[in-house]
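K.L.:
Quick one: sequence and predicted model below, then my questions.
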Amino acid sequence: MQEFLEQLEIREAAGRDLADRLRTQIAELTTQLAAAEKALERLRITRETILEIAPDLPGGLAPLPSAYRQILALFEDTADGLRPKDVCIALDTGTEPRHVEGVRAKLKRLVSRGILTEPEPGLFRLPQPTPSPD
């Protein structure tokens, strides 16, 4: 019977050690969680602030969705401009009429926001810098 009680005592001690380690881990995780939640709150506030001031930025630019940023990245590499089908090919989205028209609509939105220009029907490019008078 004494051996049985000693085994119980050993298991109890092991259980207490495990519980102590878990409490320590919970405390550490609680601290990490609080820090992560604080960072998320700061990001949320930053996003709201940017959206509040976006109308006051040059051209009223608000943050663009990733599809638009991908399209604009293509234009940074070409001075000649691109047509909607060229954009579809470069982005590997397919060249069916529905894809081309979807891209054309995005390009037209970028033109209406002053981010792109359409110097001739169906040809889109970044605005050309105006030469400075010397």
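P.N.:
Good, I have the coordinates.
K.L.:
Show me where this protein has its helices.
P.N.:
Applying DSSP state H to the chain gives helices spanning 2-53, 66-75, 84-91, 97-112.
K.L.:
which one of those lies closest to L126?
P.N.:
L126 lies closest, by Cβ to Cβ, to one member of those: helix 66-75, at 5.0 Å. C-beta: built from backbone N, CA, C; applies to glycine.
K.L.:
got the contact list for the closest one?
P.N.:
Residues outside helix 66-75 that contact it (Cβ atoms under 8 Å, 6 or more residues apart in numbering) are 64, 81-82, 87, 90-91, 103, 106-107, 109-110, 115-116, 124-126.
K.L.:
per-residue pLDDT, L91?
P.N.:
Turning to L91, the model gives it a pLDDT of 94.
K.L.:
ok, the residue nearest the centre of the chain to L72 distance?
P.N.:
Taking Cα atoms, centre = their mean, the centroid of the chain lies closest to S66, which sits 7.0 Å from it. To L72, S66 is 11 Å away according to Cβ to Cβ, to the nearest Å.
K.L.:
hang on, the earlier thing: closest one to E120 among the helices of the chain?
P.N.:
Closest among the helices of the chain, using Cβ to Cβ: helix 97-112, at 12.2 Å.
K.L.:
In terms of secondary structure, what does the closest one contact?
P.N.:
helix 66-75, helix 84-91, strand 117-120, strand 123-125 (3 or more Cβ pairs under 8 Å, 6 or more residues apart in numbering; DSSP states H and E).
K.L.:
mind listing what's buried in the worst-scoring helix or strand of the chain on mean pLDDT?
P.N.:
Within the chain, no helix or strand scores below helix 66-75, which has a mean of 87 by mean pLDDT, DSSP states H and E. Across helix 66-75, burial judged by 16 or more other Cβ atoms under 10 Å covers 68, 71, 75.
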